[in-house]
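Visitor: Below are the sequence and a predicted model for it; my questions follow.
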Amino acid sequence: MYSTNHWGGSFEIQPDSATEDEQSRNMDVDRAALSRHHHLDETQQSWLLGPPDQNQKKDKYIDLGCVVVKRKLIKWALWSTLIAFLVIGVPVIIVKSLPKHKDPPPPPDEYSKALHKALLFFNAQKSGRLPKNNGISWRGNSGLQDGSDLSDVKGGLVGGYYDAGDNIKFHFPMAFSMSLLSWSVIEYSHKYKALGEYDHIRDIIKWGTDYLLLTFNSSATSITKIYTQVGGAEVNSTTPDDHYCWERPEDMDYPRKVQQTSSAPDLGAEVAAALASASIVFRDDATYSKKLLKGASAIYNFARDMGKRNMYSLGNPAIAPFYNSTGYWDEYMWAAAWMFYASGNRSYVTFATDPKLSKNAKVSLRIPDLSVLSWDNKLPAAELLLTRFRIFLNPGYPYEDSLSAFQTAIGLNFCSDLQRFNVFNFTPGGMIQLNHGGPQPLQYVVNAAFLASLYADYLDASNIPGWSCGTYYFTVDDLRSFAASQVQYILGNNPKKMSYIVGYGKNYPKHVHHRGASIPHDGVKYSCTGGWKWRDSRSPNPNTIIGAMVGGPDRHDGFSDVRSKFGYTEPTMVGNAGLVAALISMTNADGGGIDKNTIFSAVPPLYPANPPPPPPWMP
């Protein structure tokens with residue numbers, strides 16, 4: 001008889017065999033034979049072997065929820081972790097707890113070193129009651145009675161800057177200097193901050209704009225006159241004035257006449273440009289920025305008055321021989337561009353791009369001298385400022401035709417600067433002669449270097465590799481090379497191996513044509529003619545006017561370090577303003593480049609915003 005085996009197969013039941021209980025009791029189990037079943041799992045072996053041996057050690061397990069792990073493995077992992085912490089973690093903690101050693105900042109480049117010094121020149125030129133932190137030990141309060149007899153200017157015309165080595169405050173070049181400095185801050189504020197000069201340059205600008213606001217009724221909406229300068233001299237004067245006398249500003253004791261005019265399209269527009277550009281610099285100070293823009297609007301309208309368009313210097317013997325204006329259409333374009341950027345009012349850019357204005361400014365005539373930026377000619381700066389509008393905002397109609405012409409003109413201006421085209425002569429040592437070998441050439445050189453370096457940054461920021469000069473194509477590097485060659489010439493890479501910036505390098509001018517620097521700060525007040533001995537002395541200046549860029553060499557790279565030869569040794573405000581702008585554009589502080597957006601902070605969107613998308617369709 002067979003019975004079913006539920007585990008598979010069958011087995012025979014012997015009816016005459018012993019009972020199951022007896023067989024179970026008498027069975028002698030061969031443990032060695034059963035060991036052959038090691039491949040069975042634990043459960044299956046238990047069926048064959050019966051109860052486990054109590055003396056045999058059994059592995060212990062821990063249920064971690066998602067997996068069952070031997071306790072030995074967990075112990076091994078914990079010990080390994082502890083050892084790793086002791087070997088790796090503890091040293092790391094110790095190292096991190098030690099005082100950190102900061103790598104020193106990279107050494108400043110030569111442009112940065114020169115910039116720090118060039119800014120100090122403006123501290124030395126300040127008129128009025130000086131701040132305690134002015135930092136020029138041999139300077140003190142001066143000109144505190146300037147304009148004190150004026151009934152319409154509360155407190156008089158105190159403040160501002162002396163123009164050069166004399167003690168005259170010429171408002172036309174002073175305003176241009178502030179415009180140029182403001183432009184450099186707007187483009188390169190991050191560099192000024194990286195060099196620690198941001199607050200300093202803003203103080204310099206504010207000292208100038210505070211004074212310019214005094215030169216007309218800046219709180220009115222309509223004005224009828226502007227003060228054009230304080231102090232003065234006539235050519236070959238034989239009576240006490242700012243040229244006949246050689247006195248420190250602190251000791252002036254001769255009459256200082258105030259000039260004014262009711263017609264100043266050039267000066268008025270330049271002051272408007274200075275105040276408008278500065279209003280962008282001080283946008284973080286809403287009250288002051290609005291004050292500047294309000295004053296800029298008033299003086300701009302005065303400059304544009306159709307019935308008052310005689311040049312500010314016309315027929316004035318105290319101005320015309322020194323800062324004679326030859327036109328005002330360039331200042332109109334320059335001022336209108338800044339008024340647009342400062343206010344966002346499109347009427348200004350509409351005027352700046354009016355073909356009639358371009359024609360009057362002679363944009364298309366390609367006169368070489370009109371490609372040279374100076375205190376008298378703002379055309380190349382205005383063209384570049386408006387080209388910026390085209391490059392980064394691409395406004396299109398109705399501005400495109402004029403803006404395209406400006407960019408073409410800018411490109412040709414830079415072609416003129418390249419030696420291979422022979423538009424301007426170069427000295428044997430490599431300095432471009434933008435004023436045809438005349439005295440004080442360096443102020444024109446630094447302006448050209450600034451424009452070239454700035455345009456290179458515009459092109460880089462817009463991924464444009466270069467520009468064309470007829471059939472020739474030049475790269476951004478060509479612009480930078482030109483700018484660098486000119487500034488390096490000034491820093492000492494010239495046949496004289498002389499730095500033309502006082503205090504920079506080992507060899508620089510020691511007989512600077514400058515009254516304050518040439519007279520000892522010894523407590524003695526030297527009279528008008530008593531100071532002549534210092535003027536004519538062959539000894540170096542007792543006071544070093546750090547950062548002053550002198551007039552510069554002649555067309556043969558020659559230079560006379562003689563105090564009386566002012567064409568070589570006299571510094572000027574506009575010269576140093578251009579120098580500062582060029583240096584900040586060329587330094588690699590904070591990575592270089594421009595801030596593309598700051599100048600457009602007040603410009604509203606040129607096109608209406610796109611309408612919102614329609615709501616999703618619902619069945």
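Guide: Now that the structure is in, tell me what you want to look at.

Visitor: can you pull out the strands in the protein?
Guide: If you assign secondary structure with DSSP state E, the strands in the chain sit at 2-4, 10-12, 61-63, 68-70, 169-170, 226-230, 258-261, 466-469, 472-475.

Visitor: worst average pLDDT in these?
Guide: Lowest mean pLDDT within the strands of the chain: strand 10-12, a mean of 39.

Visitor: pLDDT weak spots in the stretch 101-250 of the chain?
Guide: The stretch 101-250 of the chain contains residues with pLDDT under 70 at 101-107.

Visitor: same deal with the stretch 301-450 of the chain?
Guide: Those would be none, if you go by pLDDT under 70 across the stretch 301-450 of the chain.

Visitor: Show me where it has its helices.
Guide: 320-323, 329-343, 346-352, 355-360, 379-393, 400-417, 442-461 (DSSP state H, counting those that start in this stretch).

Visitor: buried residues in the longest one?
Guide: Read it as helix 442-461. 442-460 (16 or more other C-beta atoms under 10 Å). Where C-beta positions appear, they are placed from N, C-alpha and C, glycine not excepted.

Visitor: Give the other helices and strands that that helix contacts.
Guide: Helix 442-461 makes packing contacts with helix 171-194, helix 379-393, helix 400-417, helix 476-491, helix 573-586 when contacts are defined by 3 or more C-beta pairs under 8 Å, 6 or more residues apart in numbering; DSSP states H and E.

Visitor: Nearest to Asp284 among the ones you listed would be which one?
Guide: In terms of C-beta to C-beta, the element of those nearest to Asp284 is helix 171-194, at 10.5 Å.

Visitor: tally of neighbours for the residue nearest to Asp354 when sequence neighbours are not counted?
Guide: Closest residue in space to Asp354, ignoring its immediate chain neighbours: Ser402 at 7.5 Å, by C-beta to C-beta, 6 or more residues apart in numbering. The number of residues packed around Ser402, counting by other C-beta atoms under 10 Å, is 20.

Visitor: Ser402 and Thr387: what is the separation?
Guide: Distance of Ser402 to Thr387, computed by C-beta to C-beta, to the nearest Å: 11 Å.

Visitor: what do you get for Ser289?
Guide: Distance from Ser289 to Thr387, by C-beta to C-beta: 25 Å.

Visitor: pretty sure Lys525 contacts Met252?
Guide: No: shown here, Lys525 and Met252 do not form a contact pair, counting by C-beta atoms under 8 Å, at 10.2 Å.

Visitor: the more surrounded of those two?
Guide: Under the neighbour definition other C-beta under 10 Å, Lys525 and Met252 were set side by side, and Met252 has more, 20 against 13.

Visitor: OK, contacts around the more buried one?
Guide: Counting by C-beta atoms under 8 Å, 6 or more residues apart in numbering, Met252 makes contact with 142-143, 167, 245.

Visitor: just Val158 next, same as before
Guide: Going by C-beta under 8 Å, 6+ apart, Val158 touches 127-129, 143-144, 146-147, 214.

Visitor: will you turn these into TSV that also has neighbour count and distance to Met498?
Guide: What follows is these, written out as TSV (neighbours: other C-beta atoms under 10 Å; distance: C-beta to C-beta, whole Å):
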residue	neighbour count	distance to Met498
Ser127	24	30
Gly128	21	33
Arg129	12	36
Gly143	24	33
Leu144	14	38
Asp146	25	36
Gly147	21	40
Leu214	20	39
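
Visitor: Nearest to Arg71 among those?
Guide: Comparing those against Arg71 with C-beta to C-beta picks out Arg129 as the nearest, at 86.3 Å.

Visitor: pLDDT (mean, whole number) over stretch 584-602?
Guide: Stretch 584-602 carries an average pLDDT of 93.

Visitor: Now it: buried residues?
Guide: Using 16+ other C-beta under 10 Å as the burial criterion, the residues of stretch 584-602 that qualify are 584-587, 589, 594-596, 598-600, 602.

Visitor: Next: stretch 295-310.
Guide: 295-300, 302-305, 308.

Visitor: How about residues contacting it?
Guide: Where contact means C-beta under 8 Å, 6+ apart, the residues beyond stretch 295-310 that reach it are 212-213, 216-224, 226, 262-269, 271-273, 275-276, 279, 328, 331-332, 335-336, 338-339, 342-343.

Visitor: about what we covered before: can you redo the buried residues of stretch 295-310 as CSV with distance to Thr569?
Guide: Putting the buried residues of stretch 295-310 into CSV (distance: C-beta to C-beta, whole Å) gives the following:
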residue, distance to Thr569
Gly295, 36
Ala296, 36
Ser297, 41
Ala298, 39
Ile299, 35
Tyr300, 37
Phe302, 37
Ala303, 35
Arg304, 40
Asp305, 41
Lys308, 38
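
Visitor: doesn't Arg390 make contact with Leu606?
Guide: No: counting by C-beta under 8 Å, Leu606 sits too far from Arg390 to count as a contact (11.6 Å).

Visitor: These two: who's more crowded?
Guide: Residue environment comparison for Leu606 versus Arg390 gives the larger neighbour count to Arg390, 19 against 12, counting by other C-beta under 10 Å.
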